[in-house]
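Colleague: I would like to see how this sequence folds:
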Amino acid sequence: LLALVSDESGINTLGTGIGHDITAVIDGQTDHTLILNDYFESETNSYQKGSLSYKLSGLSPGMHQLKLKVWDVLNNSTSASVLFNVKDESRIETGDLGIWPNPFIAGTTFTLRHNQSGKVINAEIRIYNTEGRIERILHTTSGTDQGIIGPVHWDGTNENGKKLRSGLYILQAILENEIGNKTIRNCKVMILN
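Modeller: Numbering: from 1, shown residues only. Sure thing, here's the model as predicted:
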């Protein structure tokens with residue numbers, strides 16, 4: 001949860017007054033109201049604005065609604081709601097497979113976004129020629145919080161270190177998470193000599 005909050009009279013972060021805390025309610029479950037006063041951080045030299053940052057956890061996959069309520073120092077409140085989707089983390093989902101440069105002469109770099117932030121992901125990148133023969137296999141492991149495989153560099157050579165001819169090649173990225181679930185992403189890459 002990231003919220004940018006501002007008010008001319010100032011933000012009530014002390015919760016002074018009954019029920020005047022900064023709160024969040026998920027899916028209307030008021031019996032599990034989150035008190036977020038301690039997660040508000042004022043902008044430097046300002047009592048009128050700041051940001052609220054809180055890590056949500058333990059939510060089931062699917063759609064959820066969050067309602068945030070904030071008070072100013074004059075006992076006025078405002079609220080905002082947002083709908084969001086929690087993805088099933090047991091399934092690996094990938095975003096764009098970035099290749100730069102493409103086409104390339106001396107070498108290129110691959111990056112691939114995924115939904116497994118903070119988890120160890122093993123990636124095997126296979127490069128095939130247009131006849132379907134594997135020319136090169138690259139391996140990498142990612143455990144970053146950003147959910148990105150790479151950057152992985154490829155110099156345009158085959159398994160024996162020989163420079164491949166100009167032409168089109170198929171790149172196949174196979175990702176496997178900690179519990180053995182896999183996903184495959186394909187794209188094309190061009191070598192120019």
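
Colleague: Packing partners of the one helix or strand in the chain whose mean pLDDT sits lowest?
Modeller: Each helix and strand of the chain was given a mean pLDDT (mean pLDDT, DSSP states H and E); the minimum falls on strand 94-100 at a mean of 88. Here strand 94-100 touches strand 108-114, strand 167-176, strand 182-191, going by 3 or more C-beta pairs under 8 Å, 6 or more residues apart in numbering; DSSP states H and E. Using the backbone N, CA and C atoms, a C-beta is placed for each residue, glycine as well.

Colleague: List the buried residues for the shortest one?
Modeller: Taking 16 or more other C-beta atoms under 10 Å as the neighbour-count basis, strand 108-114 is seen to contain the buried residues 108, 110-114.

Colleague: Can you give the strand pairings for it, parallel or anti for each?
Modeller: Strands adjacent to strand 108-114 in the sheet, as given by DSSP bridges, are strand 94-100 (antiparallel), strand 148-154 (antiparallel).

Colleague: contacting residues around that strand?
Modeller: Applying C-beta atoms under 8 Å, 6 or more residues apart in numbering, the set of residues contacting strand 108-114 from outside is 92-102, 121, 123, 125, 147-154, 156, 171, 173, 175, 183, 185, 189.

Colleague: what's the answer for stretch 51-63, then?
Modeller: Contacts to stretch 51-63, defined as C-beta under 8 Å, 6+ apart, come from residues 1-5, 22, 24, 26, 34, 36, 39-41, 43, 66, 68, 70, 83-89.

Colleague: can you pull the contacts of Val152?
Modeller: Contact analysis of Val152 by C-beta under 8 Å, 6+ apart lists 109-111, 123, 125, 138, 140.

Colleague: Please tell me how far it sits from Ile184.
Modeller: 16 Å (C-beta to C-beta, to the nearest Å).

Colleague: ditto for Asn12
Modeller: 51 Å.

Colleague: More neighbours: the two, which one.
Modeller: Here Asn12 and Ile184 are compared on neighbour count by other C-beta atoms under 10 Å; more neighbours surround Asn12, at 22 against 12.

Colleague: Does the nearest residue to that one once chain neighbours are set aside belong to a helix, a strand or coil?
Modeller: Distances taken as C-beta to C-beta, 6 or more residues apart in numbering place Trp71 nearest to Asn12, at 4.2 Å, with adjacent residues excluded. Taking DSSP: H, G, I helix; E, B strand; the rest coil as the rule, one finds Trp71 in the strand state.

Colleague: Within the helices and strands, which one has Asn75?
Modeller: Here Asn75, judged by DSSP states H and E, is contained in no helix and no strand.

Colleague: For the buried ones among the contacts of stretch 51-63, write the corresponding ChimeraX selection.
Modeller: Applying 16+ other C-beta under 10 Å to these, the buried members can be selected in ChimeraX as follows:
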select :1,3,5,22,24,26,34,36,39,40,66,68,70,89
